[in-house]
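*Asks:* Predicted structure and sequence below. I'll ask about it afterward.
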Amino acid sequence: MVVGRLTFLLLLGAIAAVIADAPHRAVAAEQAVPTPDSRIRLNTIGFLPGRLKRASIAAACTRFSVRRADSGKDVYAGTVSGPVHNADSNEDLYTADFSALKATGTYYLEIPGVGRSADFRIAPDVYNDAFYLVTRGMYLWRCGVAVSATYRGDTFAHAACHTSDGYMDFVGGGHTKRDGTGGWHDAGDYNKYVVNAGISVGSMLQAWEQFPDRLKAFRLDLPESGNGIPDYLNEVKFELDWLLKMQAPDGSVYHKLTTQNFGGFVLPEEETTDRFFTPWGSPATADFVAMLAMAARIYRPYDAPYADRCLQAAVKSYGFLQAHPENHAPDQAQFHTGGYGANDMDGRLWAAAELWQSTGESAYLKDFETRARAWQVRPARGAAAPPEAKIEPVWDWGDVANQGMFTYLLSKRPGRDAALVQQIHDSLLAAADAIVKTRDAHGYARPLGETYYWGCNGAVARQTALLQTAHQIAPNPAYIDTALDAIGHLFGRNYFGRSFVTGLGANPPLHPHDRRSGGDKVAAPWPGYLVGGGWPGAQDWKDSQDSYQTNEIAINWNTALIYALAGFVEPKGR
């Protein structure tokens with residue numbers, strides 16, 4: 001009996017010790033979870049169930065497994081392919097393909113001898129949160145009003161700013177004010193530029209026209225939510241309202257509204273330096289026509305008077321351009337802010353296309369077709385274009401002809417020239433096929449291949465517009481998978497194994513070149529912004545506030561990513 005009692009007491013003591021030690025063992029177990037190995041590079045947002053799923057591994061390996069994040073249980077295993085030498089990053093890369101795994105869940109890759117990847121999801125709505133945050137980033141860029149949003153426990157906010165926009169000294173009005181309030185701050189600075197608004201608004205409205213069923217009911221939690229206009233269009237309208245203020249009485253459009261020099265890293269309401277309208281430019285005027293003409297047809301079901309106002313503004317500025325056919329560059333000698341100098345020929349082409357699509361008037365059609373027949377595609381970063389090509393494989397704010405070509409090609413209006421339609425059709429598919437081929441040859445499936453320049457991440461995102469448009473006229477799974485690979489590159493399948501979007505994915509940028517992030521007291525950067533990316537090479541990105549060449553943010557890059565994600569959001573998910 002004595003021995004039995006002693007055994008029982010010892011057993012109780014052991015149980016008590018186990019219970020007392022449980023929290024310590026739980027912490028130890030949590031700490032024992034291996035840190036993701038940065039040599040395993042994949043889309044850390046995740047994958048759609050029925051699409052390709054691949055990762056690049058920058059280390060020697062032979063096999064891989066996919067494990068559930070909650071239990072560590074193996075759910076798929078395979079053999080890697082490779083190695084293949086990736087020239088721009090100077091690496092030998094292996095590829096793990098787990099496309100056959102379609103079950104929803106959260107997973108990670110385990111590579112024997114290397115380590116584990118960051119977690120990722122497989123789900124139909126895998127891109128919903130990213131789309132929400134990146135599009136909400138446009139709201140947080142608003143100028144002239146207070147904004148606020150809470151994300152992961154941090155509140156990002158600024159008070160109403162730049163409420164005195166702006167002075168007329170440089171446009172013949174003396175030191176008097178004209179209302180230029182509103183719109184989006186352009187980039188890491190607080191200035192506002194019509195030309196960069198062109199490609200930005202154009203991309204968002206193009207996404208609306210191509211994916212309306214995905215976007216109409218998507219909630220963005222804006223101050224205007226519930227006003228009868230879809231949230232997505234409410235956000236674009238905030239920029240359009242500002243653009244209408246940039247039109248001069250004669251129909252010309254002021255090029256920009258900025259300080260004379262870039263300001264410091266303070267919150268926008270703390271930047272009180274005088275801001276000025278700059279003289280008109282024909283590129284800004286042409287882009288204005290295109291944007292407002294698009295808005296006229298898109299907003300008509302929701303606000304007919306506003307649509308009429310947009311169309312009237314577009315027609316007036318088009319008339320001004322017709323009376324002033326020269327390429328007119330604005331005088332910016334007194335300004336040292338973003339130049340956004342461009343030739344106006346592509347903008348005039350785009351303007352004619354959008355006015356025709358919105359009105360059906362033959363004069364606009366004739367103008368577009370005359371310009372389109374004569375259009376010469378510029379060399380794509382060193383690669384010669386065939387003389388018959390009508391589609392730019394890479395484009396941005398300075399070359400918006402693609403926007404007009406896409407509108408014309410997808411139009412259902414009668415009267416188009418069949419030969420020109422076929423030429424644009426063939427050029428688009430040739431460009432899309434070339435992008436797929438470039439993706440296939442790159443170790444990270446980067447559709448832009450070995451081309452790097454200032455803001456190239458935005459170009460990677462924008463290539464999805466070419467691929468998606470090509471898919472609409474000639475459905476091809478390779479176009480969709482390449483568009484998804486573009487997104488995957490931006491969210492972690494790259495040389496750094498990091499997401500390039502603040503607040504999203506694994507190990508995202510922490511120090512963007514963004515005056516709000518540098519000027520507030522929040523440790524985390526403002527979320528939902530795509531940074532520029534490696535330049536001049538794949539290895540040259542720096543997560544540093546000072547590296548404006550690689551780590552700045554800008555509306556044209558963010559809206560390209562908005563377009564890229566818009567084609568894959570699940571509308572029932574929000």
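*Replies:* Good, I have the coordinates.
*Asks:* got a list of contacts for stretch 267-278?
*Replies:* 143, 158-162, 164-171, 173, 178, 180, 185, 190-191, 246, 254-261, 263-264, 330-332, 335, 515-516, 519-520 (C-beta atoms under 8 Å, 6 or more residues apart in numbering). From N, CA and C alone the C-beta is placed, and that goes for glycine too.
*Asks:* now, which of these lie within helices?
*Replies:* Within these, residues falling in helices by DSSP state H are 515-516, 519.
*Asks:* ok, those vs Leu101, which is closest?
*Replies:* Nearest to Leu101, judged by C-beta to C-beta, of the ones in helices among the contacts of stretch 267-278 is Arg516 at 39.6 Å.
*Asks:* need the contact list for that closest one.
*Replies:* Residues near Arg516 by C-beta under 8 Å, 6+ apart: 140, 156, 158, 267-268, 526.
*Asks:* and if you look at Ala77?
*Replies:* Applying C-beta under 8 Å, 6+ apart to Ala77 gives the contacts 63-66.
*Asks:* okay, it: pLDDT?
*Replies:* pLDDT recorded at Ala77 is 98.
*Asks:* how far away is it from Val147?
*Replies:* Separation of Ala77 from Val147 (C-beta to C-beta, to the nearest Å): 47 Å.
*Asks:* cool, Asn476 as well?
*Replies:* In terms of C-beta to C-beta, Asn476 sits 41 Å off from Val147.
*Asks:* same check, this time on Leu510
*Replies:* Noted for Leu510: a distance of 21 Å to Val147, by C-beta to C-beta.
*Asks:* which of the two has more neighbours?
*Replies:* Using other C-beta atoms under 10 Å as the criterion, Leu510 and Val147 rank with Val147 on top: 19 against 15.
*Asks:* Now the more buried one: phi and psi?
*Replies:* phi -130, psi 160 (degrees, to the nearest 10).
*Asks:* quick one: the residue nearest to it when sequence neighbours are not counted from Phe218, how far?
*Replies:* Distances taken as C-beta to C-beta, 6 or more residues apart in numbering place Leu140 nearest to Val147, at 5.4 Å, with adjacent residues excluded. Look at Leu140 and Phe218: by C-beta to C-beta, they are 17 Å apart.
*Asks:* Now list the buried members of the contacts of Ala77.
*Replies:* Neighbour counting by 16 or more other C-beta atoms under 10 Å classes 64-66 among those as buried.
*Asks:* now, which of those residues lie within strands?
*Replies:* Among the buried ones among the contacts of Ala77, DSSP state E puts 64-66 in strands.
*Asks:* Next, format those as a markdown table and append pLDDT and distance to Ala323.
*Replies:* A markdown table is the format used below for these (pLDDT from 0 to 100; distance: C-beta to C-beta, whole Å):
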| residue | pLDDT | distance to Ala323 |
| --- | --- | --- |
| Phe64 | 98 | 65 |
| Ser65 | 98 | 68 |
| Val66 | 98 | 63 |
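*Asks:* So what sits opposite the nearest residue to Met246 once chain neighbours are set aside in the bridge?
*Replies:* Spatially, and ignoring its direct neighbours in sequence, Met246 is nearest to Tyr254 (4.9 Å; C-beta to C-beta, 6+ apart). The partner list for Tyr254 in beta bridges (DSSP bridges) reads Trp280.
*Asks:* The residue nearest to Arg446 when sequence neighbours are not counted: how many residues sit nearby?
*Replies:* Nearest residue to Arg446 in three dimensions, chain neighbours excluded: His489, at 4.9 Å (C-beta to C-beta, 6+ apart). Per other C-beta under 10 Å, the neighbour tally for His489 reads 26.
*Asks:* what about His489, distance to His513?
*Replies:* Here the criterion is C-beta to C-beta. By it, His489 lies 21 Å from His513.
*Asks:* what's the distance between Arg121 and Ala130?
*Replies:* 11 Å.
*Asks:* higher neighbour count, those two?
*Replies:* Using other C-beta under 10 Å as the criterion, Arg121 and Ala130 rank with Ala130 on top: 26 against 18.
*Asks:* If we go by neighbour counts, what in the helix or strand harbouring the more buried one is buried?
*Replies:* Ala130 belongs to helix 128-140 when assigned by DSSP states H and E. By neighbour count on 16+ other C-beta under 10 Å, the buried set for helix 128-140 is 128, 130-140.
*Asks:* ok, now stretch 311-326?
*Replies:* 311, 313-318, 320-321, 324.
*Asks:* Any chance of these in CSV with distance to Thr550 as columns?
*Replies:* CSV is the format used below for these (distance: C-beta to C-beta, whole Å):
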residue, distance to Thr550
Leu311, 41
Ala313, 37
Ala314, 37
Val315, 42
Lys316, 41
Ser317, 36
Tyr318, 38
Phe320, 39
Leu321, 36
His324, 38
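*Asks:* Now tabulate those residues in TSV and tack on pLDDT, distance to Val460 and secondary structure.
*Replies:* Shown next, in TSV, are those (pLDDT from 0 to 100; distance: C-beta to C-beta, whole Å; DSSP: H, G, I helix; E, B strand; the rest coil):
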residue	pLDDT	distance to Val460	secondary structure
Leu311	98	34	helix
Ala313	98	33	helix
Ala314	99	31	helix
Val315	98	36	helix
Lys316	98	37	helix
Ser317	98	32	helix
Tyr318	98	33	helix
Phe320	98	36	helix
Leu321	98	32	helix
His324	98	36	coil
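*Asks:* Return the member of these nearest to Pro305.
*Replies:* For the buried residues of stretch 311-326, the residue nearest Pro305 by C-beta to C-beta is Leu311; the value is 10.8 Å.
*Asks:* I'd like to know how far that closest one sits from Thr35.
*Replies:* Where Thr35 is concerned, Leu311 sits at a distance of 56 Å (C-beta to C-beta).
*Asks:* what angle sits between whichever strand or helix holds Ile487 and helix 128-140?
*Replies:* Using DSSP H and E, the element containing Ile487 is helix 477-490. For helix 477-490 against helix 128-140, the angle by axes from the mean of the first three to the mean of the last three C-alpha atoms, to 10 degrees is 60 degrees.
*Asks:* average model confidence for helix 477-490?
*Replies:* The pLDDT scores in helix 477-490 average 98.
*Asks:* With just CA atoms, put it into CSV.
*Replies:* Extracted C-alpha coordinates of helix 477-490, given in CSV (Å, rounded to 0.1, in the frame of the first residue of the first chain):
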residue,chain,number,x,y,z
PRO,A,477,-5.1,29.0,-71.7
ALA,A,478,-1.4,30.1,-72.1
TYR,A,479,-2.5,33.7,-72.1
ILE,A,480,-4.3,33.3,-68.8
ASP,A,481,-1.5,31.3,-67.2
THR,A,482,1.1,33.9,-68.3
ALA,A,483,-1.0,36.7,-66.8
LEU,A,484,-1.1,34.7,-63.6
ASP,A,485,2.7,34.2,-63.8
ALA,A,486,3.1,38.0,-64.0
ILE,A,487,1.1,38.3,-60.8
GLY,A,488,3.1,35.5,-59.3
HIS,A,489,6.4,37.3,-60.1
LEU,A,490,5.2,40.4,-58.3
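*Asks:* Quick check: buried residues in it?
*Replies:* If you call a residue buried by 16+ other C-beta under 10 Å, then helix 477-490 has these buried ones: 478-490.
*Asks:* Any idea what the nearest residue to Thr337 once chain neighbours are set aside is bridged to?
*Replies:* Counting by C-beta to C-beta, 6+ apart, Thr258 is the residue found nearest to Thr337 once chain neighbours are left out, at 4.3 Å. Thr258 has these beta-bridge partners by DSSP bridges: Phe276.
*Asks:* how much space between Thr258 and Ala352?
*Replies:* 29 Å.
*Asks:* And these two? Which one has more around it.
*Replies:* Shown here are Thr258 and Ala352; by other C-beta under 10 Å, Ala352 has more neighbours (29 against 26).
*Asks:* Can you list phi and psi of that one for me?
*Replies:* As for Ala352, its main-chain torsions (degrees, to the nearest 10) stand at phi -60, psi -40.
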